[in-house]
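> Structural data only, the sequence is not supplied:
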């Protein structure tokens, strides 16, 4: 490890310690980290110059010596952006160092019709716009996370396959980096990851089950994916392709799936499938446009609320299929909870009871191995919030460069 | 941490260091651990009294100072035992500190007919007999691992459910401890774990894919279970029930399973199912006894080798179902390899090609996410070997008490 790296690693340790103990004095940081006080003072000055730590203006009560000036994370200077690409919209959120939301945008975008390159342009434009918002104009954006519903090669930021977007081998990170050249984001780190993985990170940090180490987040968009946490860490698998539960084949004679197979969970209980079954009079034979999906979800929920039998039956049937998927998760990874996100949230009243029932029936372990099934309360932006959180966390964990002094 | 615990932890560290660097001097151990030489000398003396470390009789070549006496693990004094309970036999292995096999026994036992308590007696008797074998008589047995095909509460050593043994809520560890009272094993640690988990540990240590961090071992007995390694660690799940792939429902209209459901992988591709399909003229309508299974497997392999169409078709069909199970593993955890064990090994010629094909066809990730499918070469005793290895490793990791001086 070079001198620079040791110092950087110490900077990150001090940043983490200040967050965990804030408000706290330099002496307290020294005690907690085992670094000597001179080193801590130098590191704190450095972090202050970088806009990551600030003095609160208060002092500690000490029995001996000078009172210590108290430190806290500097929530005024940096920001991180999380963006998610859905079939029918982009969701963008910017947060400060304390994970507080600064900006939130919902941008309708029919990703499938637009095509990958046009989408990349639109994403870059959206990121530029967000950066120019008054809440961000004075801040350094330390990193941008982009969530995509598909198989992602995270190291290169390439989307290998995203059938619901119609994408295949799209070098998204590369396209975004060139799309952001010359903008305020030109130097920022850009990472691309799977939407379910980032949703799981959001649930682990902010959801009602935050801190549960074996937690699965299931996306409820046109596609279905899962972010699987094992002991608080993302299960990525040997090739980075873990969690593709949307393509579990549950019914060999089932409907055709976007992936070309038949009877996948997504073809049975994805939002498209649910809407076709719930609203046979409204849903056309062609694939739904992004904008149509959101509208039709509201109609389906209205009809089910009014007790309309076709809508109720369709939602309950989808809940049973989802439960079959949850049972597979229980039999393979035995999570402590499965959180249903996205459009599954407004439909939870009908989906969740059937889902729990089928999960219990299909699990070898008694009572579904203790696995809870709950709707998310993070709304439609779990993946973007999780992505922004991963960026902020990267300052402490070392996956993200520290902002320059 | 008490003084005792710090010293114990240092003893384990020195033991591990000696194994990793053997033959090595006390000075080399001091250098590798950061402990001072006096402490190392004291810890080494202690480990020698406990029969865990010995002097090789050789000395190191050093440019300055006295030549150092070289140390190595003492393979002469202790042993660990791994036993596995199968539907039709017990397999027992005892190994030394270097994981070398000292004793190996295959004990036919119809576990299902015998019942849980009689089995526990038989297991205790078998363990006593092994301990009295000439190869073990002079050794201290540090631990006994018992592998069972079922859901295990590992902390208490209770078998929650083992449908193929007909067991439910059997306090196996407790029964064994009382069965071993008064024997040479009275003080030994006894742990009960799932057979597939211990088989996976064996593959990770000794198999042709040893060291592959994301590896799944699939048991091929009357039951089918999986031991799932993620980053070299066993995936146990929130309740300890992960890896129950035998009860993935693959065909809603399929045959009845021992668990009471229909169309589980085990009911389609477990050894019982394979034999019924391959040898319709030989297999009776009643459940097979343990002894019959082994004989019939040999007949099925003979017939398939001779090209008998019913046998070949049955094995190939089972291979396809296994591939469906592997595809589920790929879609959920994306392992780097799946190793097929037990009776699947002699049938591999017919099972494996179809299994690979179906795994590719059913995986969302291209080329089954890079997952290899290979037969095990650890024979019918993977779980017992893995269990013994876990015991030996427990001396270093701290899960097992050190033998008394």
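In hand now; what should we look at? Since this is a predicted model, take the numbers as computed values, not measurements.

> Tell me how many other residues surround the residue nearest to residue A:249 when sequence neighbours are not counted.
Of all residues not flanking residue A:249 in the chain, residue A:263 sits nearest, at 5.4 Å (CB to CB, 6 or more residues apart in numbering or on different chains). C-betas here are computed from N, CA, C, even on glycine. For residue A:263, the tally of surrounding residues (other CB atoms under 10 Å in any protein chain shown) stands at 18.

> list the contacts for residue A:263?
Residues in contact with residue A:263 (CB atoms under 8 Å, 6 or more residues apart in numbering or on different chains) are A:249, A:250, A:251, A:252, A:253, A:254, A:255, A:257.

> Okay, it and residue B:262: tell me how far apart.
Per CB to CB, to the nearest Å, residue A:263 is found 17 Å from residue B:262.

> what does residue A:137 give?
62 Å.

> For the two, work out which one has more neighbours and name it.
residue B:262 (14 against 9).

> Dig out what that one forms beta bridges with.
residue B:256 (DSSP bridges).

> how close does it get to chain A?
Distance, residue B:262 to chain A, by CB to the nearest CB, to the nearest Å: 11 Å.

> Run the angle between the host helix or strand of residue A:325 and helix B:309-332 for me.
Residue A:325 is part of helix A:309-332, with elements assigned from DSSP states H and E. Calculated by axes from the mean of the first three to the mean of the last three CA atoms, to 10 degrees, helix A:309-332 forms an angle of 100 degrees with helix B:309-332.

> After helix A:309-332, which helix or strand is next?
Assignment by DSSP H and E places the next element after helix A:309-332 at strand A:337-340.

> Show residues contacting that next one.
A:203, A:207, A:209, A:212, A:214-218, A:220, A:322, A:326, A:329, A:348, A:351-352, A:355, A:359, A:371-376.

> I'd like the mean pLDDT over it, please.
Computed over strand A:337-340, the mean pLDDT rounds to 98.

> In its sheet, which strands sit next to it, and in what direction?
Take DSSP bridges as the rule and strand A:337-340 pairs in its sheet with strand A:215-218 (parallel), strand A:372-375 (parallel).

> got the contact list for the last one?
Same thing as strand A:372-375. Here strand A:372-375 makes contact (CB under 8 Å, 6+ apart) with A:208-209, A:323, A:326, A:336-341, A:344-345, A:348, A:352, A:355-356, A:359.

> The first one too?
Strand A:215-218 is touched from outside by A:196, A:199-200, A:202-204, A:209, A:224-229, A:243, A:245, A:322, A:325, A:329, A:333, A:335-341, A:344, A:376, A:382, with contacts defined as CB under 8 Å, 6+ apart.

> Just the buried residues out of the residues you listed, in PyMOL syntax.
The buried subset of the contacts of strand A:215-218, as determined by 16 or more other CB atoms under 10 Å in any protein chain shown, is captured in PyMOL by this line:
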select buried, chain A and resi 196+199+200+202+203+204+209+224+225+226+227+228+229+243+245+322+325+329+333+335+336+337+338+339+340+341+344+376+382
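
> so what's whichever residue of the stretch 1-150 of chain A sits closest to chain B closest to, chain neighbours aside?
Chain B sits closest to residue A:150 of the stretch 1-150 of chain A, with a gap of 9.6 Å, by CB to the nearest CB. Of all residues not flanking residue A:150 in the chain, residue A:162 sits nearest, at 2.8 Å (CB to CB, 6+ apart).

> For that neighbour, name its beta-bridge partners.
Beta-bridge partners for residue A:162, by DSSP bridges, are residue A:167.

> and it, how far is that from residue A:18?
Plainly put, residue A:162 is 39 Å away from residue A:18 if you go by CB to CB.

> Could I get the full set of helices for chain A?
A:3-21, A:26-33, A:37-49, A:111-114, A:116-131, A:134-137, A:172-179, A:195-206, A:265-269, A:271-278, A:290-305, A:309-332, A:348-362, A:382-397 (DSSP state H).

> Just the buried residues of the fourth one, please?
Spelled out, that is helix A:111-114. Of the residues in helix A:111-114, A:111, A:112, A:114 count as buried by neighbour count, 16+ other CB under 10 Å.

> Can you report how many residues lie near the closest residue to the last one other than its chain neighbours?
Computed as CB to CB, 6+ apart, the closest residue to residue A:114 that is not its neighbour in sequence is residue A:122, at 6.9 Å. When neighbours are defined as other CB under 10 Å, residue A:122 has 17 of them.

> Isn't residue A:122 up against residue A:109?
Yes. If you go by CB atoms under 8 Å, residue A:122 and residue A:109 touch, sitting 5.9 Å apart.

> Between those two, which contacts overlap?
Residues touching both residue A:122 and residue A:109 (CB under 8 Å, 6+ apart): residue A:90.

> In the record's domain split, what are the boundaries for chain A?
According to automatic domain parsing, chain A comprises the domains A:3-73, A:78-198+A:383-397, A:210-377.

> Comparing those by mean pLDDT, which bottoms out?
Minimum mean pLDDT among these: domain A:3-73, a mean of 88.

> about what we covered before: next up, the contacts around the residue nearest to residue A:114.
A:90, A:107, A:109, A:114.

> and the last one, how far is that from residue A:30?
In this case it means residue A:114. To residue A:30, residue A:114 is 54 Å away according to CB to CB.

> do the same with the third one
Going from residue A:109 to residue A:30 by CB to CB gives 50 Å.

> Tell me how many other residues surround residue A:37.
Other residues close to residue A:37 by other CB under 10 Å number 13.

> hang on, residue A:301 packs against residue A:345?
No. The pair formed by residue A:301 and residue A:345 falls short of the contact definition of CB under 8 Å, at 10.2 Å.

> Can you pull the residues of the stretch 201-350 of chain A lying near chain B?
A:214, A:226, A:228, A:230, A:235-249, A:251-252, A:259, A:261, A:324, A:327-336 (CB under 8 Å from any CB of the partner chain).

> Spit out the contact partners of residue A:104.
By CB under 8 Å, 6+ apart, residue A:104 lies in contact with A:91, A:92, A:93, A:94, A:381.

> go on, residue A:30?
Residue A:30 makes contact with A:36, A:37, A:39, A:40 under the criterion CB under 8 Å, 6+ apart.

> Please report phi then psi for the first one.
When you say that, I think you mean residue A:36. Dihedral angles of residue A:36 (phi, psi; degrees, to the nearest 10) stand at phi -80, psi 160.

> Could you find the closest non-adjacent residue to it?
Closest to residue A:36 by CB to CB, 6+ apart is residue A:30, at 6.4 Å.

> how close does the one you found get to residue A:67?
Using CB to CB, residue A:30 is found at 16 Å from residue A:67.

> Repeat that for residue A:92.
As judged by CB to CB, residue A:92 and residue A:67 stand 43 Å apart.

> before we move on, what about residue A:352?
Going from residue A:352 to residue A:67 by CB to CB gives 54 Å.

> Looking at these two, which is more packed in?
Between residue A:352 and residue A:67, counted using other CB under 10 Å, residue A:352 has the larger neighbour count: 19 against 11.
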